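In: requesting a structural model of the entry that follows:
(2 chains)
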Amino acid sequence: MLNHMLNAFRTYMHGDGAVLLPEMQLFLFAIGTLAMDSWAANTSNEKPDGNPVFQQKYWNPALALAGTAFSAVTLWMLRARIMQSGELAGFHLTLVVDSYFVFFSALFLAATALVILLSVNCPTISPMRQGRYYALLLFACMGMMLMVSAVDLLVIFLAMESAAISAYFLAATSGLSNRTPSAAVKFLFSSALGSALVAYAFSLLYGLSGATNISQIAGALARRHNVAKVIALSHESGLQGLQMLQLLQTRLPEAVHWHAFTLEALPIAAFLLVSVGMILKFAAPPFQVEFNRVNGEADFGIPSPVILYLSGAYAIAAVALLLRTSFTIFADSQNIWWYIIAALAIGGISYGVLGSLRQNNLERIIVYLSIAHMGYVLLGVVAANEGAATAMTYYLFTYFFVLTGALGILMVVRGTNSFAGVLSDLGGLRQRSTVTALLLIIFVLSLAGVPPTAGFFGRYFIFHSLWETGHRYIAWFVALSSLPAAYSYLRIAVFARRGKTSETESAAVSFGIPEAIVLGICVFVSLAAGLYSEPFTRMARYAFGQ
Amino acid sequence: MLPVAHYLFLSFALFSIGIVGAITRRNLIVKLLSIEIILNGASINFMAFGRLYGNASGQVFAVLAVAMLTLELLVALVIIAAVCSRWKCAMPDDDQNLASRLDY
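Out: This next block holds a predicted model:
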């Protein structure tokens, strides 16, 4: 009996189970973190000398980190397996493991691990029941990994929701414990509206194709021009029209119900709804207005690591899903929909850049400009050649690390004294800690896109692919809009360099080991990817299987 | 059998009502209900197309959409309740009614 069950388990693990294994591990570790936390809260949990046996402050993040590590090892093994035998598919072709999944999952796992490390010493997180917080991070990561793994509309929808609901709770539980919950409410509403729009678009896609698998939908949409022509012919009077109608009724009975125009127009409407919904739901331009207000109220309570998670990893997940859908489902009508994406991206860039110019709060400047960065990535979809694919993945990868570095430094500085987060508070940072000031300047220069750093190459690759494919006006827009963005970033660098302004504050900035590890990794990526970009571009090319 | 276009018109009407409601109304509960109306439009589409093609995916999607809706509603109501207690809008001696205090 036991043997039989073990055999069944083994077969499952070699078949469908393998496809879902990294996500399953994250799920188990999240449950484990919750269980350990509640066990520690409910037992006496004290040694004879009065110290707790189980220090939640360190055990919870350690357990969550172990979850990401286990998942990453499994992912590495899956990578070796797909290199040998091509991509894996499971659960009736609803989930796949391909190089795109491996690349983005690795990025999400790294992002989650960095956010966990940053949360250990974060003063705004420690009072909360921490097990819940770390478990939510793991659940959100699981949802994001499923988002890039799913190739069926149903599963895409479920994955999106599971990531989103974790994110609502992350924003809400941390926001509610402080002054204003309205940030969480706004985030919830824009996100729920986004998922409703995406669901409506999915219903249209299902109606146009009769299938829920995205490659089958793509096939049906590619045939739609011919079907539309036949339908138009069948509506003509005379013998020819009648013959066409008979032909349609025998060969494609569903098509009789359609009108030629709706068949041509509905896919574009569906694309518009998917892209607006996805953008509204998570991050990118221009509807991040609402989302951004969530992040914008950083100084009112949402802890920096959560801001980082929502405006970094979460935004990347949305862009990754948008790329997957637009390059498979809508692949054959790229010449029509690139106008939509270009308009959304340019709107987002302008909004982010102009909005950042009049901000005085450090985190707001960075979060406003994160909209602009997602806009630059989306412009790669407009170019849609091989170089653009590499550019987009390289940009997303390096951007996350640089953003983590910049927000991490601000968190470290904020932790030491009554730092309100305004630009002028940075005055005297150089005297307080030379290393911190130097690191902040490196990250800010990289975000601004100054040459020897990763930020420059990301934007240059996007510019180059736009120029190559003949979208020269958009390429000029990329170059020119970088100037005001750079101005916003350089303002931070100038303030960080400036001497002491007030006599009162002179406490030295100190970091713990977790922050030091995070900042070390981030500064390595932002400099190495700029100075010697070859391994990083090779990694970016891997995402699209090149 | 009704042609599929009839169902499409109905669901499009629901979609438009929902969009207008979600954008223009400022009451949290009404906003939430408008979003639910959009999802109901999507469910009607799924059912209609599922019947047209004679496969079950449409109905499965509709059922899942309802399940997801319930979850989202639950989360939203929890957050609204928290907002409510923070903004003291549900105090019994409050002379303003509950609905108007839910605006933001």
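In: so in the chain, where's the weakest helix or strand by average pLDDT?
Out: I'll assume chain A. helix A:288-296 (a mean of 40; mean pLDDT, DSSP states H and E).
In: chain B, not that one
Out: helix B:98-101 (a mean of 49).
In: burial measure for A:I316, as a count.
Out: By other C-beta atoms under 10 Å in any protein chain shown, the residues close to A:I316 number 27. Backbone N, C-alpha and C define where each C-beta goes, glycine included.
In: thinking again about what came up before, please identify the buried residues of whichever helix or strand comes after the least confident helix or strand of chain A?
Out: Next in sequence after helix A:288-296, counting helices and strands by DSSP states H and E, comes helix A:304-308. Buried residues in helix A:304-308, defined by neighbour count with 16 or more other C-beta atoms under 10 Å in any protein chain shown: A:304-308.
In: and helix A:304-308, how far from the chain's centre?
Out: 13 Å (C-alpha atoms, centre = their mean, to the nearest Å).
In: got it, and stretch A:102-110?
Out: 10 Å.
In: now tell me what touches it from outside.
Out: A:22, A:68, A:71-72, A:75, A:78-79, A:82, A:141, A:144-145, A:148-149, A:313, A:316-317, A:320, A:393, A:396-397, A:400, A:539-540, A:542-543 (C-beta atoms under 8 Å, 6 or more residues apart in numbering or on different chains).
In: which residue is the nearest non-sequential neighbour of the spatially most central residue of chain A?
Out: Centroid check for chain A by C-alpha atoms, centre = their mean gives A:I316 as the closest residue, at 2.0 Å. If the residues on either side of it in the chain are set aside, A:I316 comes closest to A:L396, at 5.2 Å by C-beta to C-beta, 6 or more residues apart in numbering or on different chains.
In: go through whichever strand or helix holds that neighbour and flag the buried ones.
Out: Per DSSP H and E: A:L396 is located in helix A:386-416. By 16+ other C-beta under 10 Å, the buried positions in helix A:386-416 come out as A:387-416.
In: next structured bit after it?
Out: Following helix A:386-416 toward the C-terminus (DSSP H and E): helix A:429-432.
In: quick one, phi/psi of A:A150?
Out: Per-residue torsions, A:A150: phi -80, psi 140 (degrees, to the nearest 10).
In: so what's the nearest residue to it once chain neighbours are set aside up against?
Out: What sits nearest to A:A150 in space, not counting adjacent residues and going by C-beta to C-beta, 6+ apart, is A:I156, at 4.5 Å. A:I156 makes contacts with A:147, A:150, A:202, A:214, A:321, A:325, as judged by C-beta under 8 Å, 6+ apart.
In: just give me the closest of those residues to A:S533.
Out: Closest to A:S533 out of those is A:L321 (26.2 Å), distances taken as C-beta to C-beta.
In: pull the number of nearby residues for the closest residue to that closest one other than its chain neighbours.
Out: Spatial nearest neighbour of A:L321, excluding adjacent residues (C-beta to C-beta, 6+ apart): A:M147 at 5.0 Å. Here the number of neighbours of A:M147 (other C-beta under 10 Å) works out to 27.
In: what sits against A:M147?
Out: With C-beta under 8 Å, 6+ apart, A:M147 has these contacts: A:156, A:159-160, A:163, A:317, A:320-321.
In: where does the prediction get shaky in the chain?
Out: No chain in the question, so chain A it is. A:43-56, A:123-129, A:173-184, A:254, A:256-257, A:282-302, A:415-422, A:499-508, A:546 (pLDDT under 70).
In: actually it's chain B I care about, not the one you picked
Out: B:1, B:83-104.
In: longest helix anywhere in it?
Out: Ranked by residue count, the top helix of chain B under DSSP state H comes out as helix B:57-87.
In: how far away is the residue most central in space within chain B from B:Y7?
Out: Centroid-nearest residue in chain B, with C-alpha atoms, centre = their mean: B:E36, separated by 0.8 Å. Computed as C-beta to C-beta, to the nearest Å, the B:E36 to B:Y7 distance reads 19 Å.
In: same check, this time on A:R79
Out: From A:R79 to B:Y7 the distance is 45 Å (C-beta to C-beta).
In: elements contacting the host helix or strand of B:M47?
Out: Per DSSP H and E: B:M47 is located in helix B:28-53. Using 3 or more C-beta pairs under 8 Å, 6 or more residues apart in numbering or on different chains; DSSP states H and E as the contact test, the elements touching helix B:28-53 are helix A:182-209, helix B:4-24, helix B:57-87.
In: what's the neighbour count on the closest residue to A:S203 other than its chain neighbours?
Out: Once flanking residues are discounted, A:S203 sits nearest to B:N45: 3.6 Å by C-beta to C-beta, 6+ apart. Counted with other C-beta under 10 Å, the neighbours of B:N45 add up to 28.
In: right, and B:N45 touches B:A5 too?
Out: No. Judged on C-beta atoms under 8 Å, B:N45 makes no contact with B:A5 at a distance of 11.7 Å.
In: list the contacts of residue 32.
Out: Defaulting to chain A. Here A:G32 is in contact with A:63, A:67 (criterion: C-beta under 8 Å, 6+ apart).
In: hmm, no, I was thinking of chain B.
Out: Counted by C-beta under 8 Å, 6+ apart, B:L32 has contacts A:189, A:192, B:73, B:76-77, B:80.
In: hmm, try it at 6 Å
Out: B:A76 (C-beta atoms under 6 Å, 6 or more residues apart in numbering or on different chains).
In: A:L138 now?
Out: A:26, A:29-30, A:64, A:67.
In: show me these that map onto helices.
Out: Reading helices off the contacts of A:L138 with DSSP H, I get A:26, A:29-30, A:64, A:67.
In: in those residues, find the pair that's most separated.
Out: A:L26 and A:A64, at 9.3 Å, using C-beta to C-beta across the ones in helices among the contacts of A:L138.
In: you'd agree A:H92 is in a strand?
Out: No. Under the criterion used here (DSSP: H, G, I helix; E, B strand; the rest coil), A:H92 is coil, not part of a strand.
In: which residues of chain B lie near chain A?
Out: Neighbours of chain A within chain B, by C-beta under 6 Å from any C-beta of the partner chain: B:3-4, B:15, B:22, B:31, B:35, B:38-39, B:42, B:45-46, B:49, B:52-53, B:57, B:61, B:65, B:68, B:72, B:75-76, B:79, B:82-83, B:86, B:104.
In: got a quick ChimeraX command for the buried subset of the residues you listed?
Out: Entered in ChimeraX, the line below selects the buried ones among the residues of chain B next to chain A, by 16+ other C-beta under 10 Å:
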select /B:4,15,22,31,35,38,39,42,45,46,49,52,53,57,61,65,68,72,75,76,79,82,83
